[in-house]
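Participant: no FASTA, just this:
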């Protein structure tokens, strides 16, 4: 592999501590990832000299935002689900975490949902991977379509 392509190998790239500090400053200043990466590229002469790819830049920001998620965010969800289960023995929930012990998936089912499923056989999957806001939080819209009540 030529020396100009080494930066593309996963084993040879990564956001260094120096770059982490710069990326954090750029992000907190409101500079978009695209503009921030362009600035870093300009500082070192070209994007090949940065030491990581634009996708690595975005991945770093996403992981930072996920880790910074306040305990109250996830704690509030957990408290709500636990309270629902205490109030209603037919309420069920399950939480799946990823390798970093961050919430990856949540499933909840109440008695009415079980009845509706038995009658209609439909399940709604809510996927928030498509779009995230500036804070890295999922962007999703709930639309109420309820033809059977």
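Facilitator: Received the coordinates, thanks. Remember, predicted model here, so these are calculated numbers, not experimental data.
Participant: From here on, just use CA atoms for contacts and neighbour counts.
Facilitator: Will do.
Participant: By average pLDDT, which secondary structure element in this structure comes out worst?
Facilitator: When the helices and strands of the chain are scored by mean pLDDT, DSSP states H and E, helix 54-67 comes last with a mean of 78.
Participant: Can you list the buried residues in that helix?
Facilitator: Neighbour counts over helix 54-67 (16 or more other C-alpha atoms under 10 Å) mark 54, 57, 58, 60, 61, 62, 66 as buried.
Participant: same check, this time on stretch 42-55
Facilitator: Using 16+ other C-alpha under 10 Å as the test for burial, stretch 42-55 gives 47, 50, 51, 52, 53, 54.
Participant: Among those, which one sits closest to residue 117?
Facilitator: Of all the buried residues of stretch 42-55, residue 54 has the smallest distance to residue 117: 43.8 Å, by C-alpha to C-alpha.
Participant: Who are the contact partners of that closest one?
Facilitator: 34, 37 (C-alpha atoms under 8 Å, 6 or more residues apart in numbering).
Participant: now do 6 Å
Facilitator: Not one residue lies near residue 54 by C-alpha atoms under 6 Å, 6 or more residues apart in numbering.
Participant: ditto for residue 108
Facilitator: Contacts of residue 108 by C-alpha under 6 Å, 6+ apart are 92, 93.
Participant: Next, work out how far apart it and residue 84 are.
Facilitator: Distance, residue 108 to residue 84, using C-alpha to C-alpha, to the nearest Å: 10 Å.
Participant: try residue 117
Facilitator: From residue 117 to residue 84 the distance is 20 Å (C-alpha to C-alpha).
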